[in-house]
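[1] pasting the sequence and the predicted model now:
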Amino acid sequence: MQLKTFAVSALAAAIMVGCASQQPAEPTKAKAKAAAPVAAKKAPPKVISGASGAMLASTCEGCHGTDGISDGPATPSIAGMSEDYLVEVMEEFRDGDTKSTVMGRVAKGYTEEEIVAMSAYYANIEYRGASQSADATKLAKGEQLHNKYCEKCHHEAGGDATDDSGILAGQWTPYLHYTMEDFINGDRDISRKMKKKLDQLLADEGHAGLDAVISYYGSQK
Amino acid sequence: MSTKHFNRRNFLKVSGGTLGAAAAGFSLYTPSASAAKARVVVVGGGMGGATAARYIKKGDPSIDVTLVEANPTYHSCFMSNFVVVGERKLDYLAHGYDGLKAEGINVVYDRVIGIDDNAVKTAGGKSLPFDRCVVSPGVGFKFIEGHSEEVANTTITHAWKAGKQTQIFHDQLAAMKDGGTVIIGAPRNPFRCPPGPYERTSLVAGYLKKHKPKSKVIVLDPKDKFSKFGLFTEGWRNHYGYGTDDSLITWVKGAEGGALEAVDADTMTVSAEIEEFTADVINIIPDQKAGAIAFTAGLVDDSGWCPVNLHTFESTLRKNIHVIGDASQAKGMPKSGYAASSEAKVCAAGIIALLNGHTPGSPAYVNTCYSVISFEPKDGISVAAIYKLRADGSKIQKMSGGLTPSGDKRNAANRAREVDYALSWYENITSNTFND
């Protein structure tokens, strides 16, 4: 009860703060200065900000599934990821560092605070993987390759949210294929370490190897 | 993890900490346990109504939520063009209400005939009491001379509410001879699903190209421009020879006499402003207005649509009654299924706050909408937008968003992906609405 009261007042404060601020997008300081003369001519309309994490998160659910658990094979589940990871991904979409279709257009509509609020919300919701299987030989191969090339960073068969990468276990395989394609084509930020391992995997095992690893992750709970 | 984000992240962790903790620690709303059980009746079980029912119950399980809908099976209007051209069967569009019942929502299959100040009246003789009512009636049609719901159910379909007519339209295309003519009549603004008539045109052209290549589709349109105009016409040029003598598509715009005046189902003739056209298959999407119950209930103004407070979607004409979806004047947002879902979530949050004696929190709105131009090769496009409410409540202001970019070659891979994203989108938006 006490917690609830605290939460209500904290939220109320957040809303009041939000209502007072008016901002479309988030200009950087330099941009804001440069835009000042234009803004003087026609001020952007004042808007109500400060929506709660849950309200903001509800805008994601039509595409990413109820409570962030996706029923669509080309779209990732976003529940249960680490807050850091979700914020990072949203920033990369917003800044154009990660190739996207709609996400780049969408991410620009939220402030930094809003991205943090919705990420914190989803980080606290339980992740559930999709139910997917593949033939046993392929999965065994995938597990072997995971252990050899990926396991050092993607702990627990890609099911650990605290390693600051996305949860891979139980993610839809069509989504994972698209994401790996983007990494390979340089359309998505990739760490030097991951690039090295990925190049090795592809050199040693080809795309069939990558496919086996993806199937392995997809089959995990 | 790149270092450029690192310091900023740590800074935000501190500065945004209070807000983050507040957001994460409890659900959307804070219902007071002691309050008497409040009652909400939702009229209409489409995208808006079903989502509102679900999110009210989800946000405050103590509220008694009843959904009234005439049909036990809902067919989504979005993706129904896939059924028209045989890419999917009608069942693909079908959704029931068992998932909502399982979450504790009362579902009543009945037709609403009136809304009193405190109760919804049904054709079946029920009186369903409410503290707040949500009306999500969808659209009604303004038929031209010679067209009516009866005619639409047999020969000249509109198929702008999916179901039986979607199937009839498909069957007519399948039965048509190679070398036939298909006419699609497009409506005036505003109407449900602004890109829909042009996705329909694209996919019908795709069907003809594959199965009946000597045939043509003619679009008769009272407008001179339409949603995703550049992307559609680019797609028509790329896939269907648009702009050449052999084009599968002819688009007759308003300035060239595209506005329809009458149709004759016996002679299969359409009278447009300047010319008459004869066709083998005719599909006319009529001009639109709010669904019938909105008129009966006094929720409509002179425009034919329902004025609302954009923060809670409460009607400005009647207290305690909220209107969402295509029928509402959600100024700034398009009339789409996804917009209806988003409006429903904002409305649900508002209703829960009001029923618990709180001030509604800050709203957040979104729309995403996919159109498929071609299945072979796969070519999909989208529009997405994030919105906030203007401080003076006058408009739902777009903060970001936009269309799929046109042009460059590298884009082809993205366009193919957008078809997969559209199909994925369908799975999520429908399960988010119906819990199925």
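    The structure has been received and is ready for your questions.

[2] got any ranges where chain B has weak pLDDT?
    For chain B, applying pLDDT under 70 flags the ranges B:1-36, B:408-410.

[3] tell me, which helix in it spans the most residues?
    Across chain B, the longest stretch assigned as helix under DSSP state H is helix B:411-434.

[4] same thing with chain A?
    Counting by DSSP H, the longest helix found in chain A is helix A:192-219.

[5] average pLDDT for that one, rounded please.
    For helix A:192-219, mean pLDDT is 97.

[6] buried ones in the longest helix of chain B, by neighbour count?
    For helix B:411-434, the neighbour count (16 or more other Cβ atoms under 10 Å in any protein chain shown) marks B:414-415, B:417-434 as buried. C-beta here means a position set from N, CA and C on the backbone, and glycine is covered the same way.

[7] stretch B:70-81 vs chain A: in contact?
    No: against chain A, stretch B:70-81 shows no contacts by Cβ under 8 Å from any Cβ of the partner chain, the least distance being 11.4 Å.

[8] first-to-last residue distance for that stretch?
    Between the opening and closing residues of stretch B:70-81 there is a gap of 24 Å (Cα to Cα, to the nearest Å).

[9] hmm, who's touching it?
    B:45-47, B:50, B:88, B:90, B:92-97, B:109-111, B:159-163, B:166, B:192-193, B:196, B:199-200, B:203, B:336-337, B:369, B:372, B:426, B:429-430, B:434 (Cβ atoms under 8 Å, 6 or more residues apart in numbering or on different chains).

[10] how does it look with 7 Å?
    For stretch B:70-81, the external contacting residues (Cβ atoms under 7 Å, 6 or more residues apart in numbering or on different chains) are B:45-46, B:88, B:90, B:92-97, B:109-111, B:159-163, B:166, B:192-193, B:199-200, B:203, B:337, B:426, B:430.

[11] about what we covered before: and the longest helix of chain A with chain B, contact?
    No: applying Cβ under 7 Å from any Cβ of the partner chain, one finds helix A:192-219 separated from chain B by no less than 10.4 Å.

[12] got the buried residues for that helix?
    For helix A:192-219, burial by neighbour count (16+ other Cβ under 10 Å) applies to A:194, A:197-198, A:201, A:205, A:209-219.

[13] give me the secondary structure label for residue B:41.
    strand (DSSP: H, G, I helix; E, B strand; the rest coil).

[14] and chain A, what are its domains?
    Following the assignment in automatic domain parsing, chain A carries domains at A:53-123, A:136-219.

[15] about what we covered before: contact partners of the longest helix of chain B?
    With contact meaning Cβ under 7 Å, 6+ apart, helix B:411-434 is reached by A:61-66, A:70-75, A:101, A:174, A:178, B:47, B:50-51, B:76, B:79, B:95, B:99-100, B:337-338, B:341, B:368, B:370, B:372, B:377-382, B:404-405, B:436.

[16] over to stretch B:316-329?
    Under the criterion Cβ under 7 Å, 6+ apart, residues B:46-48, B:52, B:115, B:131-139, B:192, B:290-291, B:294, B:298-299, B:305-309, B:312-315, B:335, B:340, B:343-344, B:347, B:351 lie in contact with stretch B:316-329.

[17] what distance separates it from the centre of its chain?
    Put simply, stretch B:316-329 sits 16 Å off its chain's centre (Cα atoms, centre = their mean, to the nearest Å).

[18] stretch B:84-93 too?
    Counting by Cα atoms, centre = their mean, stretch B:84-93 is centred 17 Å from the centre of its parent chain.

[19] stretch B:63-78 now?
    Distance of stretch B:63-78 from its chain centroid, counting by Cα atoms, centre = their mean, is 15 Å.

[20] now do stretch A:75-91
    What separates the centre of stretch A:75-91 from the centre of its chain is 3 Å, taken as Cα atoms, centre = their mean.

[21] quick one: average pLDDT of it?
    On average, stretch A:75-91 scores 96.

[22] residues in contact with it: which ones?
    Against stretch A:75-91 from outside (Cβ under 7 Å, 6+ apart): A:60, A:63-65, A:67-70, A:107, A:115-116, A:119-120, A:122-123, A:125-127, A:161-162, A:164-167, A:171-172, A:175, B:1, B:5, B:9, B:421, B:424, B:428.

[23] what strand or helix carries residue B:353?
    Element membership for residue B:353 (DSSP states H and E) is helix B:337-355.

[24] and that helix with chain A, contact?
    Yes: contact of helix B:337-355 with chain A (Cβ under 7 Å from any Cβ) involves B:338, B:341, B:342, B:345, B:349.

[25] surely the second one meets residue B:47?
    What that stands for is residue B:341. Yes: between residue B:341 and residue B:47 a contact is recorded at 5.3 Å, counting by Cβ atoms under 7 Å.

[26] grab the nearest non-local neighbour of residue A:64.
    residue A:78 (5.0 Å; Cβ to Cβ, 6 or more residues apart in numbering or on different chains).

[27] of residue B:341 and residue B:47, who's got more company?
    More crowded of residue B:341 and residue B:47, by other Cβ atoms under 10 Å in any protein chain shown: residue B:47, with 33 against 30.

[28] list the contacts for the more buried one?
    By Cβ under 7 Å, 6+ apart, residue B:47 lies in contact with B:325, B:337, B:340, B:341, B:433.

[29] could you redo the last one with a cut-off of 6 Å?
    By Cβ atoms under 6 Å, 6 or more residues apart in numbering or on different chains, the residues touching residue B:47 are B:337, B:340, B:341, B:433.

[30] just residue B:170 next, same as before
    residue B:84.

[31] that one falls within a helix, correct?
    Yes: assigned with three-state DSSP, residue B:170 falls within a helix.

[32] for the stretch 251-400 of chain B, which segments count as strands?
    B:260-264, B:269-272, B:276-278, B:281-284, B:287-290, B:321-323, B:365-374, B:379-389, B:396-403 (DSSP state E, counting those that start in this stretch).

[33] of the contacts of stretch A:75-91, keep whichever come out buried.
    A:60, A:63-65, A:67-70, A:107, A:115-116, A:119-120, A:122-123, A:125, A:127, A:161, A:165-167, A:171-172, A:175, B:5, B:9, B:421, B:424, B:428.

[34] now do the residue nearest to residue A:64 against residue A:57, distance only.
    For residue A:78, the distance to residue A:57 equals 9 Å [Cβ to Cβ, to the nearest Å].

[35] got the domain boundaries for chain B?
    Under the assignment automatic domain parsing, the domains of chain B span B:8-138+B:291-431, B:143-287.

[36] so which of those domains is the most packed in?
    The highest mean neighbour count among the domains of chain B, using mean count of other Cβ atoms under 10 Å in any protein chain shown, belongs to domain B:8-138+B:291-431: a mean of 21.
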